[in-house]
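Visitor: Need coordinates for the following:
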Amino acid sequence: MAKPDPPKSTTIIEPFAEFKGPSTSSPSSQIKSLAISTLSDPQTLIYAGTNSGNLLLLSLDINQPSNDSKLKNVKLLKYVKVSTGPVDSIHVIDHVKRVLVVSEGFLYFVDLFLVEAVKKLSSLRGVCCVGKRVRSGGSEFTDLEELGKTGGSSLLRKLGNFRSNGVKEGSAKEGGVLDVERSCVFAAVCGRMLMLIGYDSSESVLVLKEMQCVEMVKTIVWVDDCIFVGNHSGYYLYSCVTGKCDLLFSLPDPISSPPRIKLLRKEWKLLLLVDNVGVSVNCQGQPVGGSLVFRHAPDSVSEMGRYVVVMKNGEMDLYHKKSGCRLQTVSFAGEGIAPIVADDEDGSREIVSVAIQSKVFCYSHVPSEEQIKDLLRKKNYKEAISLAEELQGEGEMTNEMLSFVHAQVGFLLLFDLHFEEAIDQFLLSDTMHPSEVFPFIMREPNRWSLLFLLNPPKRSDLLESAIRNMIRFLQESRRKDPNPSVREGMDTLLMYLYRAVNCVDEMEKLASSENSCVVEELETLLNDSGQLRTLAFLYASKGMSSKALALWRILARNYSSEYRRESTDVNNQQNATRLVIFGKDSAAIEASRILEELSDQDLVLQHLGWIADTDQQLAVQILTSDKRTDQLSPDEVIAAIDPKKVEILQSYLQWLIEDQDSEDAQFHTSYAILLAKSALESFDEEHVFQNSSTKTIGETDTTVSERPSSLQYSVRERLQIFLQSSDLYDPEEILDLIEGSDLWLEKAILYRKLGQETLVLQILALKLEDSEAAEQYCAEIGRPDAYMQLLDMYLNPKDGKEPMFRAAVRLLHNHGDSLDPLQVLERLSPDMPLQLASETILRMLRARIHHHNQGQIVHNLSHAVDVDASLARFEERSRHVQINEETLCDSCHSRLGTKLFAMYPDDSVVCYKCFRRQGESTSVTGRDFRKDIIFKSGWLVTR
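Guide: Okay, the predicted model is just below:
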């Protein structure tokens, strides 16, 4: 008897579809029986019977494309109610297109697609198990007619002729005849009777034979003329022709699990289970082969090709029929579950279905070629050879393919340095050529290289292939998160291998990412091979910023000479220049990434210069980075910036003022001076550009014309905005710088900061001729004399400038109401045209009279309101209140009598004592007259 082996790490079956039943886990919804039909091509029909008596029809399309990451969905086509009790077993009769169901001791017939009504064979009661007849093709097989001739008649006399749920019942004796070509015969055990029943597509049911049987039968299988049954005492063999019963063997008493019989159709053997042992017998009941030993007594048994599938305790085990080895175990989640497994009986599609509670999982057979590859990858060479030989013996693999497998195993053993075993496998291969081992021993090329092979492999190609596959292995291993010591070795070796095949991009990617490389092991390799970029990335990833920055500085300096040496062709000089620029920029960018996070001020300022020479914007990003924990000292940074790099200094000071909210007056003044200098330069260049526009086309100044004029406005706008928004800079320093320039608006802003109102008005009115801005500034001053001063400037501009009569008229038109007409007339020039000023002066006088009259009206109305209010107050105070002996205090409710009392505006009356307690502003109702003012109709002024 074979012993159970530990499971091999082989994948024989894999899940490919599932059916998710109802989410409720009630016992009534759990699946109790399962069957598979492959009659409908390409569909596979799955029948599932539940504890509640329902029969489910599930459909699986084997040709449906599936996603590798998701299982196919098994569709629920239909379900019918068979009975009120659990469905004990399901038998698919494909050739008559019917399904036989056993439930609560009765037999039921349904069509394959559950379209017709369920038909119950009510005349048979107490049916415990059913087995349909199977023909093996290698033994005696008696026809149905012979069974009918030898049949008994006791049961027929009891049943008689009648219909039950549409199923005809009769006997051959009374003229009933079965259609041999379209009929099915099955054996049913009812109590101690074994009946052979025929059923055909015309729905005729005939009892062909009945015989005495052992009691309490649990399992039955009918093959040819032999009927195998099993009960608690043993396994028995009945002849369907003679009715003779033979005991195959007895079972121990007590037995831990019920007897089970499984027909293995591939070998036409039967597996008789005794606890966890499966005894093999042939179709005549004779023991053949060895026994299979399982881990546990199975709850369910199925077959898939050369394997036996058993279920127990939520686990599915696969055993090889010949070797008895357990090759695969599949575990299912859940406790206390009783799984059921079923197969397609004809074995055409090699599918098994597993039912667990209300779910169904479908598993398919992994192709033999994939199994062999998997075994070879896992170095299970003996199992791979054994599987290949078995396939070849069964005609599923050619001799050439078997020889190829032997050769492959030989090469794998050769790589593992198992030379003797490798040569043994080479000798077993009929297609292995001696020249295939030449590249492993002799240098290439040699005199025999082309003797057998047209394209023999080169040693260098084999070595490169070995290194690249080793790289692939290490890359996959890194994803498994090994322990730190192993990861150090893996990453360091991976860097060596990358260098061996010159994978520069992969080297830099590994070095720049999180890695466990040992720097000391790789410094010499990377230095000698010129892979300074990779070494710089590696230094940076290990926190060795100083060394990394030094390398980036060297690379930026040496890129130019390197590319000059490589590019000797004159036509390639332009491309080489681009590469030099790219190389310098790349080195500066990588260095800036390090410096942006670095808080070491000395190191940052040390490398700031060469990065600024390459790209000033990168230098600004370094100085203004918010990634570092400790910011740099502004004074030290400003001192280190090259004065010629005005853009860097401007951007840094702008960042200090706007982003860091610095209130240092020196920074504000320095920033304003830099902006003023830039504005002066752009202003001068703009004048040069305007003067150059008078040249001819051939005399155009390219340098000036390429400078965008929008830059000037941008700088001036920035300067103007800053001068207006900041109050911390020194205006006198900025004035000293721009005093002799034409930046009049900037001067106006600075004079305004200094409080020089007259100078501001002169610039706005006379230099810029911006009347609106001048009038707005006068409004900000808020004094009427400011408008008079502005009017004087318009009428007497001095410096030989003509009077600005239109501006003066505009001022009088907009703000003449606030000016004294007499003063305006005194200041008007005799030279001013009368038609310009007459209308404006007339309007001023009219407005003056109108304002005066309005004031008088408002004064008189206010006086009338005051008189009315005084009168109403007097009347209120003069109002009489009559108090008698019965009057009560609204607060304490005591009689007032001759006591002093007080009355509030809301007419509530209180005694003097309560008045002092309440106060004069709050009445007994809680109303506060200071917050909630009361009005009476007599108090309101009605005029």
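
Visitor: L414 belongs to a helix, doesn't it?
Guide: Yes - secondary structure of L414 (DSSP: H, G, I helix; E, B strand; the rest coil): part of a helix.

Visitor: Which residue, other than its chain neighbours, is closest to it?
Guide: Distances taken as Cβ to Cβ, 6 or more residues apart in numbering put A422 closest to L414, at 4.1 Å, once the chain neighbours are dropped. In this view, the C-beta of every residue, glycine as well, is placed from N, C-alpha and C.

Visitor: Could you tell me which residues within the strand or helix carrying that neighbour count as buried?
Guide: Element membership for A422, per DSSP states H and E: helix 419-428. Along helix 419-428, the positions that meet the burial threshold by neighbour count (16 or more other Cβ atoms under 10 Å) are 422, 425-426, 428.

Visitor: Closest to E746 out of the residues you listed?
Guide: Nearest to E746 out of the buried residues of helix 419-428 is A422 (Cβ to Cβ; 90.2 Å).

Visitor: hang on, the earlier thing: quick check: the residue nearest to L414 touching A407?
Guide: No - counting by Cβ atoms under 8 Å, A422 sits too far from A407 to count as a contact (10.0 Å).

Visitor: for the stretch 601-750 of the chain, which spans come out with low pLDDT?
Guide: Under the criterion of pLDDT under 70, the regions of the stretch 601-750 of the chain flagged as low confidence span 686-713.

Visitor: Could you do the stretch 401-550 of the chain as well?
Guide: Low-confidence segments of the stretch 401-550 of the chain, defined by pLDDT under 70: 438-459.

Visitor: Would you map the strands across it?
Guide: All residues of the stretch 401-550 of the chain lie outside strands when identified by DSSP state E, counting those that start in this stretch.

Visitor: what residues does stretch 624-633 touch?
Guide: 595-599, 601, 604-605, 623, 651-652, 655, 659-660 (Cβ atoms under 8 Å, 6 or more residues apart in numbering).

Visitor: nearest to E267, of those residues?
Guide: Closest approach to E267 among the contacts of stretch 624-633 (Cβ to Cβ): E597, at 71.7 Å.

Visitor: What is the neighbour count of that closest one?
Guide: E597 has 13 neighbouring residues, counting by other Cβ atoms under 10 Å.

Visitor: Look up how far H607 lies from the nearest residue to it once chain neighbours are set aside.
Guide: Residue nearest to E597 in three dimensions, not counting chain neighbours: K627, with 4.6 Å by Cβ to Cβ, 6+ apart. With distances taken as Cβ to Cβ, to the nearest Å, K627 is found 16 Å from H607.

Visitor: for the host helix or strand of D635, which positions count as buried?
Guide: Here D635 sits within helix 634-640, counting by DSSP H and E. Of the residues in helix 634-640, those with enough neighbours to count as buried (16+ other Cβ under 10 Å) are 634, 637-638, 640.

Visitor: again with stretch 289-305
Guide: Using 16+ other Cβ under 10 Å as the test for burial, stretch 289-305 gives 292-305.

Visitor: Contacts for the helix holding A422 next, please.
Guide: Residues from elsewhere that reach helix 419-428, judged by Cβ under 8 Å, 6+ apart: 385, 403, 406-407, 409-411, 413-414, 432, 437.

Visitor: With stretch 718-728 instead?
Guide: Here stretch 718-728 makes contact (Cβ under 8 Å, 6+ apart) with 657, 663-665, 668-669, 671-672, 675-676, 678-679, 729, 734, 745-746, 749-750, 753.

Visitor: Write a ChimeraX command that selects only the buried members of those.
Guide: Command for ChimeraX, covering only those of these found buried under the criterion 16+ other Cβ under 10 Å:
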select :657,668,669,671,672,675,676,678,679,729,734,745,746,749,750,753
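
Visitor: Tell me which stretches of the stretch 51-200 of the chain form strands.
Guide: According to DSSP E, counting those that start in this stretch, the strands that the stretch 51-200 of the chain contains are 54-61, 72-73, 75-81, 87-93, 98-103, 106-111, 119-121, 127-134, 162-164, 167-170, 183-190, 193-200.

Visitor: okay, the ones you listed, which one's buried deepest?
Guide: Mean neighbour counts were taken over those using mean count of other Cβ atoms under 10 Å, and the top value, a mean of 24, falls to strand 98-103.

Visitor: May I have it exported as PDB, CA atoms only?
Guide: These are the backbone C-alpha positions of strand 98-103, laid out as PDB (Å, rounded to 0.1, in the frame of the first residue of the first chain):
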ATOM      1  CA  ARG A  98     -32.700  14.700 -19.100                       C
ATOM      2  CA  VAL A  99     -31.500  15.200 -15.600                       C
ATOM      3  CA  LEU A 100     -32.400  12.700 -12.900                       C
ATOM      4  CA  VAL A 101     -32.700  14.200  -9.400                       C
ATOM      5  CA  VAL A 102     -33.000  12.300  -6.100                       C
ATOM      6  CA  SER A 103     -34.600  14.200  -3.200                       C
END
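
Visitor: Taking strand 75-81 as reference, get the angle to that strand.
Guide: Taking axes from the mean of the first three to the mean of the last three Cα atoms, to 10 degrees, one finds strand 98-103 and strand 75-81 inclined to each other by 60 degrees.

Visitor: Could you name the helices and strands sitting against strand 98-103?
Guide: On a contact count with 3 or more Cβ pairs under 8 Å, 6 or more residues apart in numbering; DSSP states H and E, strand 98-103 meets strand 43-50, strand 87-93, strand 106-111, strand 127-134.

Visitor: Walk me through which strands the last one pairs with, and which way each runs.
Guide: The reference is to strand 127-134. For strand 127-134, the pairing partners within the sheet under DSSP bridges are strand 183-190 (antiparallel), strand 219-223 (parallel).

Visitor: For the last one, give me every contacting residue.
Guide: Counting by Cβ under 8 Å, 6+ apart, the neighbours of strand 219-223 from elsewhere in the structure are 129-136, 139, 185-187, 189, 227-230, 240, 258-263, 268, 270, 283.
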